[in-house]
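> next comes the sequence, and after it the predicted model I'd like to discuss.
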Amino acid sequence: MTTLQQAMERFLSVKNASPRTLASYRTGLHAFFDTLRLGRTLPDGSRVSLDPVTAEAAKLDEDWVATFIANLQDFSPATQNLYLAAVKGFYRFLLAERLASPHIPRIEQWIAERARKVPRRRPQFPREEIEQLIAYAESLPTLPVDSAGASLKSESSRRAAQQRARLRNMRDRALILLLADTGLRVSEACSLTLEDVNFFEGHLHVLGKGDKDDLVRVSQRALNALRDYLHERQAVGLSSPVHRGRPLSAGRLTPLFVRHDRAAGKGSPTPLDPSTAWDIIRERATEVLGGEAAHRIHPHSFRHYFVTIVLLATNNIEKARRLARHRSITTTQLYAEVDPELDRDYHEIFNTSRRTKV
């Protein structure tokens, strides 16, 4: 006999998804199991409940989904959809493994009819402030670092602190330019290794959402910033040299973006994580724009910026979708209000034409 708890663990162990998605699915299934424990009222007025730890998976029918949807009404539409995706996937797994016999079309119909829809809004981002931050990032390597470690007593400690400050400036410039010119998700940027960069062909190998292999094109200014950063790291013995377009890593994968602080230590490079990258963006935004801007700009703002710039330059929504690696064009269409040709037509109709008539 396979219990519901055991079935859930098996489902999550074979699910092809990122650790973050798996954690979210686990949370959603735990919420579903809470509904099973609370129980539901049957048409004859009696109550039924299931303990996932002891209940056989075969006892789970699709009627529990309707009860779960009702219990989710206080959650946001986005959370509802995430949890219901986890539950629907779990039911499909039970059917495929012949652990239960749910009616999947009925589940899908209930979700379509009763679950709250996530409102699709055009992404908002402060474009002018992002461009100011990008300009500031390009100047980071020229900023003085003499004040770094000024309170330290030994000359060697002060030099080490200045070296770390210079590396952080080079790294942060490369990170910001890469996010702005590629539309990478911050998690994708943080997971890059030296082997993922091809300087000669000007692209990155990226493991995107759903573990999908993607080829991402990179601008020359971002490549130059990456090359400068890696050369600086090589100079202090923290990176492998760049040779014929690809960095050499002596047979092991080395993170592209790493920490440069005292806590990181002197051993193997410690890769940036998305949380640290978020802090970097916030700190640099504060330096150039003030504290208020730090709450308006975050790493994903650069992805919105990237898609908008592509649409403004090409007025081609399919090209924008492919460069942003959106699975569905409906996601890219959220940015389609940015239409330079339509702006010109509107100006012609309501401004130029009216002045001519007057």
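Great, that's in hand.
> residues contacting Thr286?
For Thr286, the contacting residues are 293-294, by C-beta atoms under 8 Å, 6 or more residues apart in numbering. For glycine as for every other residue, the C-beta is placed from the backbone atoms N, C-alpha and C.
> ramachandran angles for it?
Thr286 has phi and psi values of phi -70, psi -40 when expressed as degrees, to the nearest 10.
> and the gap between it and Leu143?
Thr286 sits 15 Å away from Leu143, going by C-beta to C-beta, to the nearest Å.
> point out where this protein drops to low pLDDT.
117-125, 149-150, 153, 210-211, 237-252, 264-267, 335-347, 349-350, 352-358 (pLDDT under 70).
> break it into its domains for me.
The record assigns the chain these domain ranges, following automatic domain parsing: 4-114, 127-340.
> any idea how far the top helix by length along the chain is from the chain center?
Ranked by residue count under DSSP state H, the longest helix found in the chain is helix 155-182. When C-alpha coordinates are averaged (C-alpha atoms, centre = their mean, to the nearest Å), helix 155-182 and its chain have centres 23 Å apart.
> swap in stretch 222-229?
Taking mean C-alpha positions (C-alpha atoms, centre = their mean), stretch 222-229 and its chain are 22 Å apart.
> please apply the same query to stretch 315-334.
16 Å.
> can you list the buried residues in that stretch?
Across stretch 315-334, burial judged by 16 or more other C-beta atoms under 10 Å covers 317, 320-321, 323-326, 332.
> now the strands: where do they sit in the stretch 151-300 of the chain?
197-198, 203-207, 213-217, 242-243, 246-247 (DSSP state E, counting those that start in this stretch).
> which residues touch the third one?
Contacts of strand 213-217 with the rest of the structure, by C-beta under 8 Å, 6+ apart, involve 182, 184, 202-208, 323, 325.
> filter these down to just the buried residues.
Among the contacts of strand 213-217, those scoring as buried are 182, 184, 203-204, 206, 208, 323, 325 (criterion: 16+ other C-beta under 10 Å).
> which one of the residues you listed sits closest to Arg221?
Nearest to Arg221 among those is Thr182, at 11.4 Å by C-beta to C-beta.
> was I right to think the closest one contacts Ala225?
No: in this structure Thr182 lies outside contact range of Ala225 using C-beta atoms under 8 Å: 11.9 Å.
> distance to Arg173 for the strands of the stretch 151-300 of the chain - can I get that in CSV?
Listed next are these as CSV, based on distance: least, C-beta to C-beta, whole Å:
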stretch, distance to Arg173
strand 197-198, 16
strand 203-207, 17
strand 213-217, 19
strand 242-243, 17
strand 246-247, 18
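> out of the ones you listed, nearest to Ser18?
Set against Ser18 and scored by C-beta to C-beta, those come closest in strand 203-207, at 9.2 Å.
> between that closest one and helix 155-182, how many degrees?
Strand 203-207 and helix 155-182 are oriented at 90 degrees to each other (axes from the mean of the first three to the mean of the last three C-alpha atoms, to 10 degrees).
> how far off centre is strand 203-207?
Counting by C-alpha atoms, centre = their mean, strand 203-207 comes out at 15 Å from the chain centroid.
> just stretch 174-193 next, same as before
Distance, centroid of stretch 174-193 to centroid of chain: 10 Å (C-alpha atoms, centre = their mean).
> Ala293 is nearest to which of the strands of the stretch 151-300 of the chain?
That would be, of those and by C-beta to C-beta, strand 213-217, which comes in at 27.2 Å.
> by how many degrees do the closest one and strand 203-207 diverge?
Using the same axes, to 10 degrees: strand 213-217 against strand 203-207 is 150 degrees.
> hmm, back to that, ok, of the buried residues of stretch 315-334, which one's closest to Asn351?
Ile317 (26.0 Å).
> pretty sure the closest one sits against Gln333.
Yes: at 6.5 Å, Ile317 counts as touching Gln333 under the criterion of C-beta under 8 Å.
> hmm, back to that, dump the domains of the chain to TSV, plus distance to Asn351.
Formatted as TSV, the domains of the chain follow (distance: least, C-beta to C-beta, whole Å):
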stretch	distance to Asn351
domain 4-114	39
domain 127-340	15
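> and Phe257, how far from His298?
Phe257 is 17 Å from His298, by C-beta to C-beta.
> of those two, which one has the most company?
Phe257 (24 against 15; other C-beta atoms under 10 Å).
> mind listing what the more buried one touches?
171, 174-175, 189-190, 192, 271-272, 277.
> just flag the most distant two among those.
Farthest pair in those (C-beta to C-beta) is Ala174 and Pro271. Separation: 14.1 Å.
> so which of those two has more stuff around it?
Between Ala174 and Pro271, counting by other C-beta under 10 Å, Ala174 is the more crowded of the two (27 against 18).
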